[in-house]
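In: Sequence below, structure please.
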Amino acid sequence: MSLQEAKYMKVRFINGTVRSFAFEPLTATLDPAVLLTHVNKALDSRRLVLQTKEQLLIIPFDNVESIEIAPAPNRSLPDAIQVFHEFL
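Out: Numbering: from 1, shown residues only. Okay, the predicted model is just below:
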């Protein structure tokens with residue numbers, strides 16, 4: 001898989017640092033409700049768990065300002081507000 005096919009996650013920390021991670025896209029057949037269940041489990045656990053070939057990275061949400069994932073899933077998540085423009 002090329003990086004152009006990958007999705008990425010950008011994590012902004014409260015100390016101002018940013019880390020970015022590329023990962024395989026989720027299959028088009030994944031039900032958005034199942035994806036939302038995984039997101040809710042991460043939120044409930046108050047940590048983000050990422051695994052690379054070399055390490056397991058556990059990031060407490062207390063250290064995170066925001067998480068950006070792009071490109072967005074092909075199908076809408078049930079609890080997501082569909083935004084068509086962001087004002088800066």
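In: Leaving out sequence neighbours, find the closest residue to residue 59.
Out: Residue nearest to residue 59 in three dimensions, not counting chain neighbours: residue 48, with 4.4 Å by Cβ to Cβ, 6 or more residues apart in numbering. C-beta here means a position set from N, CA and C on the backbone, and glycine is covered the same way.
In: roughly how far apart are the one you found and residue 88?
Out: Distance, residue 48 to residue 88, by Cβ to Cβ, to the nearest Å: 26 Å.
In: And those two? Which one has more around it.
Out: residue 48 (18 against 2; other Cβ atoms under 10 Å).
In: Contacts for the helix or strand hosting the more buried one, please.
Out: Assigned by DSSP states H and E, residue 48 belongs to strand 47-51. With Cβ atoms under 8 Å, 6 or more residues apart in numbering as the test, strand 47-51 has contacts from 9, 11, 21, 42, 56-61, 64, 67.
In: strands paired with that strand, and their directions?
Out: If you go by DSSP bridges, strand 47-51 pairs up with strand 56-60 (antiparallel).
In: next helix or strand past the partner strand?
Out: Per DSSP H and E, strand 56-60 leads on to strand 64-70 as the next helix or strand towards the C-terminus.
In: and the direction of that next one versus that of strand 47-51, what angle?
Out: 50 degrees (axes from the mean of the first three to the mean of the last three Cα atoms, to 10 degrees).
In: Ignoring the adjacent residues along the chain, who's closest to the residue nearest the centre of the chain?
Out: Closest residue to the average C-alpha location of the chain: residue 69 at 4.5 Å, with Cα atoms, centre = their mean. Nearest residue to residue 69 in three dimensions, chain neighbours excluded: residue 9, at 5.1 Å (Cβ to Cβ, 6+ apart).
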